[in-house]
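K.L.:
have a look; sequence and predicted model below, questions after that.
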Amino acid sequence: MDHPTNITYIMFIIFTGTAILSTLALITRQSLLVAYIVLGAILGPWGLKLVNNTMVSGQAGNIGIIFLLFLLGLHLQPQNLFHSLRKMSLITLISSLLFFLIGFVSCYFYGYTFKESLVIGLAAMFSSTIIGIKLLPTTILHHQHTGELVVSILLLQDIVAIAAILTLQLIGGRSGSLSQLFLIISAFPVLLFVAYFFQRYVLAKLLEQFDKIHEYIFILSIGWCLCMAQLSHFFGLSEEIGAFIAGVALASNPIAFYIAESLKPLRDFFLVLFFFAVGAGFDFDYLPEVILPAATLALLILILKPLVFSWLLNRSGEVKSISWEIGVRLGQMSEFSLLLIYMAFDTGLVPAQTTYMVEAAIILTFMASCYWTVMRYPTPLAATDKLRRD
């Protein structure tokens, strides 16, 4: 039976299903993020086929990531952010190298070619910005030490991820990559200057003059976020980094807290679509071929990422309990890993089977990491009332 492909039908199916499955998840104290992924697998092209076109939900889901980073920036004062970034730079680089080796060696052992293992190693380097930030409590932890360290590591990983994606473009023979690399090197100072100048001389004055008109503030903040995201994309950086810089630029404004609270429902709307698209995008026909190496890679990531982060943070002077919690919160693969493996497939570096193996490993780490964090630490989706209050 053919189903409608218009946006109204897709939204109806996704959010009606989300409401039902989320209710069951809350009753059984399960993670809502996992429920979104499972729903995508059930209703998508390889399940019940109620939603055959996941392109719309996937593209809309990317907007959720942009808003997520924008809201994150609104909670961080620039001086605190730069201090944390300096402190975490060496830890991020060392851990990324170790995770690369874990992914490379484990998959080379399973018979993947050197080139495929290289791509898989790159995909294993990163932790999920969405899960890491989404599962931070909406309380004071955003301004405390643990939250700042998690955010710093994720942002530095995003920069490494962009370099990895550029590397794949060069290996894949995409034209213009060298000129794009030069453009990216000059992008950060330009973006920072634009954000500082525009916020100080335009946004601050507009917000001060019209701060009573809530609808205008809502529209202006969305326009500012998406404008910086597009400018970042123009320079070859990720849209998420531009959105984050836009948020940090506004963080010192007294109205930043109101903007953050008003945009949260919009962020959550698009993030539901993102996780649905992740679940719906997996081709289950490949599952028998890829499940063993995918499960092995996922298990190694889930075990070794917390251990590596905990060890490195502890050696840098962090308390053991905080070091381990940060390791658990970052103990998964990333949405950047999805982007990287898709690009490798598009450029012919890896075949479809390898692509779905990595995608299966990513989904497994998403689900297991969500459960571990929700059951053990304070999150907005915490499994117990005590953890929600912490």
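P.N.:
Happy to help now that I have it. Owing to the predicted nature of the structure, the values given are computational and were not obtained by experimental measurement.
K.L.:
so the residue lying closest to residue 324 once chain neighbours are set aside is in which element?
P.N.:
Excluding the flanking residues, the one nearest residue 324 by Cβ to Cβ, 6 or more residues apart in numbering is residue 310, at 4.6 Å. Every residue, glycine included, has its C-beta placed from N, CA and C. Here residue 310 sits within helix 287-315, counting by DSSP states H and E.
K.L.:
now do whichever helix or strand comes after that helix against helix 287-315, angle only.
P.N.:
Toward the C-terminal end, the helix or strand that comes next after helix 287-315 (DSSP H and E) is helix 320-329. Here the directions of helix 320-329 and helix 287-315 differ by 160 degrees (axes from the mean of the first three to the mean of the last three Cα atoms, to 10 degrees).
K.L.:
list the buried residues in the longest helix along the chain.
P.N.:
Taking DSSP state H as the criterion, the chain has its longest helix at helix 78-109. Within helix 78-109, the residues that count as buried by 16 or more other Cβ atoms under 10 Å are 78, 81, 84-85, 88, 91-92, 95-96, 98-100, 102-104, 106-108.
K.L.:
stretch 200-212 too?
P.N.:
Within stretch 200-212, the residues that count as buried by 16+ other Cβ under 10 Å are 203-204, 207.
K.L.:
what do you get for stretch 298-312?
P.N.:
Quick answer for stretch 298-312 (16+ other Cβ under 10 Å): 298, 300-302, 304-306, 308-312.
K.L.:
now the two most distant members of these.
P.N.:
298 and 312 (21.5 Å; Cβ to Cβ).
K.L.:
ok, back up a step: make a markdown table out of the buried residues of stretch 298-312 and add pLDDT and distance to residue 214.
P.N.:
Listed next are the buried residues of stretch 298-312 as a markdown table, based on pLDDT from 0 to 100; distance: Cβ to Cβ, whole Å:
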| residue | pLDDT | distance to residue 214 |
| --- | --- | --- |
| 298 | 95 | 44 |
| 300 | 96 | 49 |
| 301 | 96 | 43 |
| 302 | 96 | 43 |
| 304 | 95 | 47 |
| 305 | 96 | 42 |
| 306 | 95 | 42 |
| 308 | 96 | 45 |
| 309 | 95 | 41 |
| 310 | 94 | 44 |
| 311 | 95 | 47 |
| 312 | 94 | 44 |
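K.L.:
what's the closest of these to residue 72?
P.N.:
Nearest to residue 72 among the buried residues of stretch 298-312 is residue 309, at 19.3 Å by Cβ to Cβ.
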